[in-house]
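*Asks:* please work out how this folds:
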Amino acid sequence: MSLITEKITFDRFVRLLIAISLIWGILSLLGYLSSVLIPFAIALLISYILNPFVNFTQKFFRNRVVSVLASLLIVLFILTSFGFVIIPMIIDEVKHMGILLKHLVNETGLDKKIADYFPEGFSEYIKDFAQREEVISFFDADKITELLNTTFEKILPGVWGVFSGTLNIIIGFSGLFIILLYLIFLLVDYNNFLQSWKKLIPPSYEKIVLEIVHDFEIAMNNYFRAQSLVAFLVGILFAIGFTIIGLPMSILLGLFIGMLNMIPYLQIIGLLPATFFALIYSLETNSNFWMVISMVILIFAVVQIKLLGMLGLLIALPLTYLLLSYYRRFLIITTKEK
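*Replies:* Next up is the predicted model:
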């Protein structure tokens, strides 16, 4: 008898209600404990990404704990070095952009310059945009730190609660320390957990669960790890390209477009801010706007064709793999029932 024509008895109905209640209770509990569980989730995701590197390091150090500590030190050194080089450059770009906007807004011939490329009245939109309080705050060097704090608080309120719940820097460092402890323990026992968790599966469900997990692991490998590499390379290449042509906010814009590559095909949204900065650059240097935007589009084309042409096969959403996996198993079940 198929699952569709099978009768729903009172016993089945009660079990369904209990299952729904349990799921609702678990989700409610997770929501209530989100500020505590988010640091663990962050550490779990980082451990998943770093585990291959730790396994590689273990070939040289043998000891797992030493390999974990060495890997974290190497990653920390790379990120710190990258931050010391990039962050000052980004701050200088933001300062320069703020000066440009103030100069352009007060320039008397701005309307005529913009009218050469855009419809009438577009210059007023540019002026209104440049005079908005949030835009001025973004390009004000004295308010950059405050803006970053506000943005971080809005994007990740749970994490922010751990880092600055009492606005005390000591608690902030303790939050980082908690995530670091989670990360170390997860990485140390990562391989052991991969082998032992299978024993927790009931024998009747073991085969199908392992098959689904295997498909999901393939999807995760293709997406998070590979797509992170693609996004990083795309961001670097865009930043270099925009810097070469002299585009304002080149590094920040390039890294932003790289971040958009975590979601396939979303990088096209980066054309909007790129067009705005191309306009600012053409107004600043009295260059032809269409020539500048042509160079921007050329950079988009070169990066996408050369990089994504080789690594495009790595772009696959995990959800697609999961749906295909479930669908294959559904076909197997229905075939057996027939």
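*Asks:* residue ranges with poor pLDDT in the stretch 151-300 of the chain?
*Replies:* Scanning the stretch 151-300 of the chain with the threshold set as pLDDT under 70 gives 151-175, 221-223, 225, 264.
*Asks:* mind redoing it with 80?
*Replies:* 151-177, 191, 194-207, 209-230, 262-267, 283-288 (pLDDT under 80).
*Asks:* next one: Leu37 from Ala301, what distance?
*Replies:* Distance of Leu37 to Ala301, given as C-beta to C-beta, to the nearest Å: 43 Å. Glycine gets a C-beta too; all of them are placed from N, C-alpha and C.
*Asks:* of these two, which one has the most company?
*Replies:* Leu37 (15 against 10; other C-beta atoms under 10 Å).
*Asks:* what sits closest to the more buried one if chain neighbours are left out?
*Replies:* In space, Leu37 comes closest to Leu30 once its chain neighbours are excluded; the distance is 6.5 Å by C-beta to C-beta, 6 or more residues apart in numbering.
*Asks:* kindly report the same for Phe242.
*Replies:* Per C-beta to C-beta, 6+ apart, closest to Phe242 is Ser250, 3.5 Å.
*Asks:* please apply the same query to Val75.
*Replies:* Residue nearest to Val75 in three dimensions, not counting chain neighbours: Leu50, with 6.8 Å by C-beta to C-beta, 6+ apart.
*Asks:* so where does the one you found fall, helix or strand?
*Replies:* Under the criterion of DSSP states H and E, Leu50 resides in helix 34-61.
*Asks:* what average pLDDT does that helix get?
*Replies:* The average of the pLDDT scores along helix 34-61 is 83.
*Asks:* need the contact list for Val68.
*Replies:* Each residue near Val68 by C-beta atoms under 8 Å, 6 or more residues apart in numbering is listed here: Val54, Ile184, Leu187, Val188.
*Asks:* what helix or strand is it on?
*Replies:* helix 64-105.
*Asks:* how far away is the residue nearest to Gly235 when sequence neighbours are not counted from Ser21?
*Replies:* Leaving aside its chain neighbours, Gly235 sits nearest to Gly258 (2.0 Å; criterion: C-beta to C-beta, 6+ apart). Between Gly258 and Ser21 the computed distance is 44 Å (C-beta to C-beta).
*Asks:* between the two, who's got more neighbours?
*Replies:* In terms of neighbours (other C-beta under 10 Å), Gly258 is the more surrounded of Gly258 and Ser21; the figures are 22 against 10.
*Asks:* need the contact list for that one.
*Replies:* Residues counted as contacts of Gly258 (C-beta under 8 Å, 6+ apart) are Ala231, Phe232, Leu233, Val234, Gly235, Ile236, Phe238, Ala239.
*Asks:* if we go to 6 Å?
*Replies:* Counting by C-beta atoms under 6 Å, 6 or more residues apart in numbering, Gly258 makes contact with Ala231, Val234, Gly235.
*Asks:* what about Gln195, neighbour count?
*Replies:* 8.
*Asks:* name the SS class of the residue nearest to Leu37, please.
*Replies:* helix (DSSP: H, G, I helix; E, B strand; the rest coil).
*Asks:* how many residues are close by it?
*Replies:* So Leu30, with other C-beta under 10 Å, has 11 neighbours.
*Asks:* now do it against Ala41, distance only.
*Replies:* Separation of Leu30 from Ala41 (C-beta to C-beta): 10 Å.
*Asks:* now swap in Met291 and tell me
*Replies:* Met291 is 47 Å from Ala41, by C-beta to C-beta.
*Asks:* more crowded one of those two?
*Replies:* Ala41 (15 against 11).
*Asks:* distance of the more buried one from Leu183?
*Replies:* In terms of C-beta to C-beta, Ala41 sits 12 Å off from Leu183.
*Asks:* tell me which residues are up against the helix or strand harbouring Ser282.
*Replies:* Following DSSP H and E, the helix or strand that holds Ser282 is helix 271-285. Residues from elsewhere that reach helix 271-285 (C-beta under 6 Å, 6+ apart): Leu100, Leu104, Lys113, Leu247, Pro248, Met249, Leu253, Phe289, Val292, Ile293, Val296.
*Asks:* with respect to Leu200, which of those is nearest?
*Replies:* Nearest to Leu200, judged by C-beta to C-beta, of the contacts of helix 271-285 is Leu253 at 47.1 Å.
*Asks:* so the closest one is in which element?
*Replies:* helix 250-260.
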